[in-house]
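Trainee: Starting from these lines, generate the structure:
(one chain, ligands or ions: 3)
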Amino acid sequence: MIVKVVVDVPTGGTDRLFDYKVPVHLLPMIEIGMRVIVPFGPRKVQGFVISTSEETELETVKEIAEILDVTPVLTDELLQLGEWLTNSAICFKITAYQAMLPAALRAKYKKEIKLVDQNRILEIPEELRVWFEHRDVVDWEEFKSNHVNLLPLIKRAISMGVLEAVYVVKDKVTYKKVKVVEPFCREDLSNQLMHLGNRAAKQKEVIEYFIKFPTAVPITDLIEQAETTRGTIKALIEKNVLVEKELEISRDPYANRSFKRTNPLPLTRNQKKVIEPIYHTIENQKHETFLIHGVTGSGKTEIYLQSISKVIGQEKEAIVLVPEISLTPQMVQRFKERFGSLVAVLHSGLSVGEKYDEWRKIHNGSVKVVVGARSAVFAPFKNIGIIIIDEEHEATYKQEENPRYHARDVAIQRASYYNCPLILGSATPSLETYARAKKGVYKLLSMLERVNDVTLPTVEIVDMREELKSGNRSMFSKLLFDKLTDRISRGEQSVLFLNRRGYSTFVMCRDCGYVAECPHCDISLTYHQTSRLLKCHYCGHQENMPKTCSSCNSEHIRFFGSGTQKVEEEITKVLPGARVIRMDVDTTRKKGAHEKLLTAFAQGKADILLGTQMIAKGLDFPNITLVGVLAADSMLHLPDFRASERTFQLLTQVSGRAGRHKLPGEVVIQTYTPEHYSIDLVRQHDYIAFFEREMSVRKLQNYPPYYFITIVQVSHPEITKVIEVTERIGSFLRRSLSDKAIVLGPVASPIARIKDRYRYQCMIKYKNEPTLLAVLKEINENYKRETQQGTLQISIDKNPFVLM
Ligand code: ADP
Ligand code: ZN
Ligand code: ZN
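Mentor: Ligands and ions are numbered 1, 2, ... in the order given. Got it, this is the predicted structure:
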């Protein structure tokens, strides 16, 4: 039997299927979708079995070396999906398949240098000989840690044929194990009890414990429950009364938390109207994509929960995607409370092992629901009944590295394979999605009021230019300051929102205007107060705060802008009594910190929650009655055609945190451009008006949803090379595509240099370009040799979300 394998060598030349023979002893085990280890050139690599065949056209075929899985890790459906992904995201097959699996299942290789024959040890250079005394194999890392560079000698010995470089695949899967003890023979316990003398009272207590609870128990638990010691247990093990074993356990990050069960709420009239067509598709096993356009607090999550119940009732499974930052414990809790242990959770806060354990529960069918961030869209369920994407407009659903997929597109593929509904939910749908819903491609379901007559908060907009004119130099307008004071005196809570970490805390010279920039990237450095360092957020470069301007030597160089730290300081100055919890990347780096801070706020331990993007979503605390936005325009001026859309979405989302329960909410938005429609329309909670307005802008500029966009970006350490290649690509595109396609560029990318590599790009705007895929593939093919060497990089992004 022959198997066709995709090998883990991500280059253009190896992006195809390779034939291998299956040795007789592996024949009973092998299945499509399994990971195998195969010889490939001089090394051994991991691969996926894609298909089988009786024959091969090749004369000599190598044998597979090993099978890594007991059951296939990729189902037929996922194998097919990988094929689709390879084409639509223009990536290597291996990259597509690996994206579907948890990191723990991806191959790691160890390089070893092997002495071909101990009898020939004298033939290798003298300096190397000591390394191979009494052994044939030396770990490559050992050589690397040597202070003298042995590489040239090793290379010579390899070319002489006395040494050999071998690659060993390390299977990273680790199971968490725990030491347990159990009775050697249960029936014999009372007997043992009698035979123990009176001096062994402690041992007797342990035996009595096992007579009551005769099952295996972790040693640490036994010590606690039987109030005994390690020594006593050891003595019983030595007497063969107890035996010690290792048991594999599953790491459940939510294991030590208890959830009280909730029941489905009786739906409101509007909710019933919305859930009706969804039920209909579930019952009739029909694929359809729905857009629930529902304001914050309109009861979307309850719709999700009850649709999932219906699906579980049919013995099917559900995938729920939420953006990473709204994957808060609060959010997870709502699913766990409804479906208990049937829920797996996948997000980036989990360790590699924890993620693998959650994945295993999905793979072996012990859970029915997965709640997770973007990559959970690949959850290996075999009978999907519904896919839900909450906050569908979020940019995090687009992966910004290979494979550059959008979770929405993957979800559509999977939902249509399983004939089930896909639900997109948002208070501020992306323009693309809403336009499709209007055209009837998706079915539009609207929920424009909050549940239980809770009113949407009143939004006031403050023109900060006026504040400055009237002599207020503080970062708080008079209105916001008064309202904050008022809340503190009433014992109600406020949320202060500031876009982005260390928002424009750049360092500038007051005399000459010089701004400190990263020496490797064309971007200004950010000042971090706790470490007193200037850091680059793109490459990690850091340096000390300069004492003088490097351009004019002036001493008047300081940091500007208002990061969360600065705001915190200001609050302590102007509102000395206020208790503040600050949430940003710096305060939430430690595992569990995010949750701790939110719990403290929920328990009323602070008056003000101050934070960045991560507090914009998912928060649902009854006592929040005021939301303040400090610099609403900070996103508006980014070089990105979605800047207005993002601003409107973010402001709407933040506003939604206020007054979600009995107490009415108020929102104060501070801005320097109050007249801009993306800010003004937030006041009226008018998404539709925003949509119409923004659509007319997009139409004028030939941007999505009127046109599709693809960006081809070239990067290289030398600027002349980058320009030359991008120019050639530009004219190739103009020659190859129809005259309806618009090819722009080459131009420097918005960030023209990152990590010492210059970046140029061409942008293609098109409506219908059947040959585009082939043309883009040809570009990859033409530069294959150069990109494989690594100095030249070409990245092709269909439907880019972050324009950098
Ligand atoms: P969204 O997901 O649209 O923001 P949620 O589903 O979180 O809205 O609902 C907002 C609030 O209303 C929640 O506290 C939720 O428990 C409550 N809620 C939702 N549906 C109902 C219902 N049918 N009856 C009573 N309360 C409801
Ligand atoms: Zn940098
Ligand atoms: Zn200066």
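
Trainee: Touching stretch 450-466 from outside, list them.
Mentor: 268, 271, 295-299, 302, 477, 479-480, 627, 655-656, 658-662, 664-672, 674, 679-680, 682-683, 685 (CB atoms under 8 Å, 6 or more residues apart in numbering). Yep, even glycine has a C-beta here, placed from its N, CA and C like the rest.

Trainee: Can you get me a residue count around the residue of the stretch 301-450 of the chain found nearest ligand 3?
Mentor: As assessed by CB to the ion, ligand 3 sits closest to residue 400 within the stretch 301-450 of the chain, at 35.6 Å. Residue 400 has 13 neighbouring residues, counting by other CB atoms under 10 Å.

Trainee: Let's verify the closest residue to it other than its chain neighbours: helix, strand, or coil?
Mentor: Of all residues not flanking residue 400 in the chain, residue 802 sits nearest, at 5.8 Å (CB to CB, 6 or more residues apart in numbering). Look at residue 802: counting by DSSP: H, G, I helix; E, B strand; the rest coil, its state is coil.

Trainee: Quick check: residue 802 touching residue 401?
Mentor: No. Contact between residue 802 and residue 401 fails when scored by CB atoms under 8 Å: they sit 11.0 Å apart.

Trainee: circling back to that earlier point, hang on, the residue of the stretch 301-450 of the chain closest to ligand 3 packs against residue 795?
Mentor: No. Using CB under 8 Å as the test, residue 400 is too far from residue 795 to be in contact (9.7 Å).

Trainee: Which helix or strand contains residue 318?
Mentor: Taking DSSP states H and E as the definition, residue 318 sits inside strand 317-321.

Trainee: List the buried residues of that strand.
Mentor: Within strand 317-321, the residues that count as buried by 16 or more other CB atoms under 10 Å are 317-321.

Trainee: And ligand 1, is the helix or strand just after that strand touching that?
Mentor: Where DSSP H and E defines the elements, the next helix or strand beyond strand 317-321 is helix 329-339. No. Residues of helix 329-339 are not located near ligand 1 by CB under 6 Å from any ligand atom, the shortest gap being 7.6 Å.

Trainee: burial count for the residue in the stretch 701-804 of the chain that ligand 1 sits nearest to?
Mentor: Closest to ligand 1 within the stretch 701-804 of the chain is residue 801: 23.4 Å, counting by CB to the nearest ligand atom. By other CB under 10 Å, 17 other residues sit near residue 801.

Trainee: That one: what's it in contact with?
Mentor: Contacts for residue 801 (CB under 8 Å, 6+ apart) come out as 395, 398, 400, 406, 642.

Trainee: where are the low-confidence patches of this structure?
Mentor: 107, 109, 147, 167-176, 248-259, 500-505, 560-562, 617-618, 638, 803-804 (pLDDT under 70).

Trainee: related to what we said a few turns ago, what strands line up against the strand holding residue 318, and which way round?
Mentor: Here strand 317-321 has these sheet partners by DSSP bridges: strand 369-372 (parallel), strand 384-390 (parallel).

Trainee: now the angle from the longest one to helix 329-339?
Mentor: Right, strand 384-390. 150 degrees (axes from the mean of the first three to the mean of the last three CA atoms, to 10 degrees).

Trainee: Other residues contacting strand 384-390?
Mentor: 282, 300-301, 304, 307-308, 311-312, 314, 316-323, 326, 377, 397, 407-408, 411, 414-415, 418, 420-426.
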